[in-house]
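[1] return a 3D structure for these sequence lines:
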Amino acid sequence: MSDTPPPDNLPPTPHKRSRRWFLKSLLGVGAVAAVGKGIDWLLPRTLCRAGEWHGPVTDHFDGTHFYNPEPQLPMGTREALRWLSERKLRGDYPEVESNAHSPQLAPEVTGKDWEVTMVNHSTLLIRTCGLNILTDPVWSDYTSPIQGVGPCRKRPVGISWEALPPIDVCLISHDHYDHFDVNTLQKLAKRDAPHFIVPLGLKSLLEYHCGYNLNVSELDWWQSVTIRGLECHVVPARHWSKRYRTTEHSNRSLWCGFYLRSSGGPSIYFAGDTARTSWFASIHKRLGPPDVALLPIGAYRPEWIRNNHTNPADAVDAMQALHAPLAIACHFGTWQLANEGYEETLQDLSSALRHAGIPAHRFPAPDNGQTLRGCI
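    Prediction:
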């Protein structure tokens, strides 16, 4: 028998090949998992950071997370996958190169007068009580933490940044990217240093991105602050907050609407983002009927999205629950955030108004750049 060892260049046995493949696969899975863990650690602390609130437990705060007191259907991975599978069913949302309207701003708006200009989506320039008030300002092209990714703009901004008058007050309803746009807020804070009014938990997020020398009022539902004679009330809404995918980082800040009123002047309600809710009747009972209600009408298909959004019929119901003589539509027209088409939204609003017996001029859906005004 020969004692010569086998040559080193013999091919590996099937057993060795299987073991090597298994080890490489295990290392690959481990590397992917490590990268995923790293991303889940980094993004919620930087680019996709959420707000945070520490305070006593309430009827809408459990000590860590905020929640809706009203029951609602769960929205999880199954619903999200179904939504993605239905993307091919999306209605038409045509791109428009230029707006049909240009802002027609009065030199000053005081006394019983009011003025509202649609900028885009939920960004509206409200002028009342001698103040310029901006809601949920977004001038970016994408509603995303990274420009170039996510829903893209279909219509130009209604007021160019250069033409925007100095802003006295900025209302931010919640932290979603189509309402809390870091690029715009940084520019606004630097240019105008307005008085920011935000719901609980958003001050920390605003300061993280825009600095710590801001003038911020951070309020819970039904709390208020008065600015130069204008009462700014934070009021409930049925929605949620989230800037990253994990449950841990969801609902760490509150969401809200705003009710503005002054002695002898108009009262204006901005719903922010909300679903159909009994809060509309509560707002009317506690604060009275608003002269003007700014109500969202878009992002409502498929049906389960109405857990957190109003469709046009819901918005008409909200107008009636608020006893508002006039409503102005928002949260539509610039980014396609759900499956309904642009014209479908307008047709659904028209149909809902006819069904309720409300004349169309009492609930207009303004184009970007269109200015509406009135006097109480």
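
[2] for the rest of this, base every contact and every neighbour count on C-alpha atoms.
    Fine.

[3] which stretches of this structure form helices?
    With DSSP state H as the criterion, the chain has helices at 14-42, 77-85, 182-192, 202-210, 279-287, 312-322, 342-356.

[4] export the third one to PDB, keeping only CA atoms.
    Written as PDB, here are the backbone C-alpha positions of helix 182-192 (Å, rounded to 0.1, in the frame of the first residue of the first chain):
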ATOM      1  CA  VAL A 182     -38.100  69.300   5.500                       C
ATOM      2  CA  ASN A 183     -36.600  71.300   2.500                       C
ATOM      3  CA  THR A 184     -39.500  73.800   2.600                       C
ATOM      4  CA  LEU A 185     -39.600  74.200   6.300                       C
ATOM      5  CA  GLN A 186     -35.900  74.900   6.500                       C
ATOM      6  CA  LYS A 187     -36.300  77.600   3.800                       C
ATOM      7  CA  LEU A 188     -39.300  79.100   5.600                       C
ATOM      8  CA  ALA A 189     -37.600  79.100   9.000                       C
ATOM      9  CA  LYS A 190     -34.600  80.800   7.600                       C
ATOM     10  CA  ARG A 191     -36.400  83.400   5.500                       C
ATOM     11  CA  ASP A 192     -39.400  84.400   7.700                       C
END
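
[5] give me the buried positions along that helix.
    Residues of helix 182-192 classed as buried by neighbour count (16 or more other C-alpha atoms under 10 Å): 182, 183, 184, 185, 186, 188, 189.

[6] wait, which of the residues you listed is closest to residue 132?
    Distance to residue 132, by C-alpha to C-alpha, is smallest for residue 188 among those, at 12.8 Å.

[7] the closest one and residue 52, how far apart?
    22 Å (C-alpha to C-alpha, to the nearest Å).

[8] likewise residue 154?
    The span separating residue 154 from residue 52 equals 33 Å under the rule C-alpha to C-alpha.

[9] please report how far residue 13 lies from residue 21.
    According to C-alpha to C-alpha, residue 13 stands 12 Å off from residue 21.

[10] for residue 196, which residues count as its bridge partners?
    Beta-bridge partners of residue 196, counted by DSSP bridges, are residue 170, residue 216.

[11] which residues touch it?
    By C-alpha atoms under 8 Å, 6 or more residues apart in numbering, residue 196 lies in contact with 169, 170, 171, 172, 214, 215, 216, 217.

[12] count the residues that sit near the fifth one.
    If you count neighbours by other C-alpha atoms under 10 Å, residue 214 ends up with 16.

[13] next: residue 89.
    Number of residues near residue 89 (other C-alpha under 10 Å) recorded here: 13.

[14] ok, and the closest non-adjacent residue to it?
    In this structure, residue 89 finds its nearest non-sequential neighbour in residue 339, 6.8 Å apart by C-alpha to C-alpha, 6 or more residues apart in numbering.

[15] nearest residue to the middle of the chain?
    Residue closest to the average C-alpha location in the chain (C-alpha atoms, centre = their mean): residue 179, at 3.6 Å.

[16] report the contact partners of that residue.
    Contacts for residue 179 (C-alpha under 8 Å, 6+ apart) come out as 122, 123, 136, 137, 138, 172, 173.

[17] which residues does the residue nearest to the first one when sequence neighbours are not counted contact?
    Looking back up the chat, that one is residue 122. Distances taken as C-alpha to C-alpha, 6+ apart place residue 331 nearest to residue 122, at 4.9 Å, with adjacent residues excluded. Going by C-alpha under 8 Å, 6+ apart, residue 331 touches 120, 121, 122, 273, 295, 296, 297, 298, 299.

[18] top of these by neighbour count?
    Compared across the contacts of residue 331, residue 298 has the highest neighbour count, 31 neighbours, by other C-alpha under 10 Å.

[19] distance of it relative to residue 90?
    The gap separating residue 298 from residue 90 is 13 Å, by C-alpha to C-alpha.

[20] just the buried ones from the contacts of residue 196?
    The buried subset of those (16+ other C-alpha under 10 Å) comprises 169, 170, 171, 172, 214, 216, 217.

[21] ok so, going back, out of the buried residues of helix 182-192, who's nearest residue 352?
    Nearest to residue 352 among the buried residues of helix 182-192, with distances taken as C-alpha to C-alpha, is residue 184, at 34.2 Å.

[22] contacting residues around that closest one?
    137, 138, 139, 140.

[23] backbone torsions only: list them for the third one.
    With angles defined as degrees, to the nearest 10, residue 139 sits at phi -110, psi 0.

[24] so where is the stretch 51-200 of the chain shaky, pLDDT-wise?
    Along the stretch 51-200 of the chain, segments meeting pLDDT under 70 span 73-88.
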